[in-house]
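Okay, here's the prediction I keep looking at, along with the sequence it came from:
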Amino acid sequence: MSVRLIVTDLDGTLIDHHTYSAEAAAPALMAARAAGVPVVPCSSKTLAEMRGLAARLDLASAPLIVENGGAVWFPAGWDVSGDPAARLSTQAADGSRVLVLGTPADSLRPLLGAVAAATACTLRGFSAMTDAEVAERTGLPLEVARVARARAYSEPFVCDAGTPDLAALDAAARPLGARVTRGGRFFHLTGPTDKGAAVQVVRRTCATGGRLLGLGDAPNDLPLLRACDDRAIIPQPTTGLHPDLVAALPSARHAPAAGPVGWNAIVLAWLADTDRAP
């Protein structure tokens, strides 16, 4: 059988939106590990957050796609020869590699004011918040919020006075060489990349003929889902399936429940279906 890979968003998808627990997905995570199917987290989280979460979930060694595709981290021993850019990625002393696809956060942060002016919105980025405020907005412990604020390739932000139009924010960012997308809690200002571009890099490092399952719940997951062979939309806990994802991906699977409960059901079914495939 050709290689299989699971590429997944985290908050609201593999892990619960409110509790940050993935306990309900444990059976599918165990089944994936037993079948030799790597789980590749693909999230707005920082590399430090992702490495800690991967260790906590006991994920098999696999790439991590961080900050909405701002960079891809490859573990030591992962064959990157199939992608020309990945071959030139920076190698650390432990043998892991980081391929930067996005724009340094220090260059992005000054652009947020221009986006705010162009859209007549009052926008506040993570860099203008304290660790305590981020902890309060996310429900994360203070020490985790501190790690979440240490952005390298993105600037999450909020608009406290109402909800601005995502398309208008993105249109204002594009002439500046940036993009705006939206996750479960925050808007994200990024460079000219996205989750899908990073997934394509990971795909090229795998054997040809591989099959990828993508799972996500929010608009910033659309490029991720489009870059995979099989797609699954996870409902959000209070609003259900996101209409933008449903409209864009009419053939995608719909999970029966939000968060890790729905993730577990989709992944177990997909593993069984693809295990029977020639």
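Received, thanks.

what's the burial count for G77?
Other residues near G77 number 8, with proximity taken as other CB atoms under 10 Å. Just so you know, the C-beta spots here come from the backbone N, C-alpha and C atoms, and that holds for glycine as well.

and if you look at L169?
L169 has 24 neighbouring residues, counting by other CB under 10 Å.

Next up, identify which helix or strand it is on.
Under the criterion DSSP states H and E, the helix or strand holding L169 is helix 166-173.

Packing partners of that helix?
helix 111-119, strand 179-182, strand 187-190 (3 or more CB pairs under 8 Å, 6 or more residues apart in numbering; DSSP states H and E).

What residues sit buried inside it?
169-170, 172-173 (16 or more other CB atoms under 10 Å).

show me where the chain has helices.
Under the criterion DSSP state H, the chain contains helices at 26-34, 47-56, 84-87, 105-108, 111-119, 131-138, 142-149, 166-173, 195-205, 222-226, 243-248, 259-276.

Output those helices in JSON lines; the columns should cover distance to F186 and mean pLDDT.
As requested, the helices of the chain are exported to JSON lines (distance: least, CB to CB, whole Å; pLDDT from 0 to 100):
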{"stretch": "helix 26-34", "distance to F186": "26", "mean pLDDT": "97"}
{"stretch": "helix 47-56", "distance to F186": "14", "mean pLDDT": "93"}
{"stretch": "helix 84-87", "distance to F186": "28", "mean pLDDT": "90"}
{"stretch": "helix 105-108", "distance to F186": "14", "mean pLDDT": "94"}
{"stretch": "helix 111-119", "distance to F186": "12", "mean pLDDT": "93"}
{"stretch": "helix 131-138", "distance to F186": "8", "mean pLDDT": "92"}
{"stretch": "helix 142-149", "distance to F186": "10", "mean pLDDT": "91"}
{"stretch": "helix 166-173", "distance to F186": "12", "mean pLDDT": "93"}
{"stretch": "helix 195-205", "distance to F186": "15", "mean pLDDT": "95"}
{"stretch": "helix 222-226", "distance to F186": "16", "mean pLDDT": "96"}
{"stretch": "helix 243-248", "distance to F186": "17", "mean pLDDT": "95"}
{"stretch": "helix 259-276", "distance to F186": "18", "mean pLDDT": "94"}
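
Quick check: which of these is nearest to R185?
For the helices of the chain, the distance to R185 is smallest for helix 131-138, at 6.5 Å, taking CB to CB.

ok, back up a step: for the helices and strands packed on helix 166-173, which one ends up most surrounded?
Counting by mean count of other CB atoms under 10 Å, strand 187-190 has the highest mean neighbour count of the helices and strands packed on helix 166-173, with a mean of 26.

Show residues contacting that strand.
With CB atoms under 8 Å, 6 or more residues apart in numbering as the test, strand 187-190 has contacts from 44, 67-70, 102-103, 108, 111-112, 115, 123, 125, 153-159, 164, 166, 169, 173, 178-182, 220.

and if we set it to 10 Å?
Strand 187-190 is contacted by residues 44, 67-70, 101-103, 105, 108-109, 111-112, 115, 121, 123, 125-126, 151, 153-159, 163-164, 166, 169-170, 173, 176, 178-182, 194, 220 when judged by CB atoms under 10 Å, 6 or more residues apart in numbering.

centre of the chain versus it, how much separation?
12 Å (CA atoms, centre = their mean, to the nearest Å).

Dump the helices of the chain into JSON lines; add distance to P235 as well.
Formatted as JSON lines, the helices of the chain follow (distance: least, CB to CB, whole Å):
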{"stretch": "helix 26-34", "distance to P235": "17"}
{"stretch": "helix 47-56", "distance to P235": "22"}
{"stretch": "helix 84-87", "distance to P235": "34"}
{"stretch": "helix 105-108", "distance to P235": "31"}
{"stretch": "helix 111-119", "distance to P235": "29"}
{"stretch": "helix 131-138", "distance to P235": "20"}
{"stretch": "helix 142-149", "distance to P235": "24"}
{"stretch": "helix 166-173", "distance to P235": "19"}
{"stretch": "helix 195-205", "distance to P235": "19"}
{"stretch": "helix 222-226", "distance to P235": "14"}
{"stretch": "helix 243-248", "distance to P235": "10"}
{"stretch": "helix 259-276", "distance to P235": "6"}
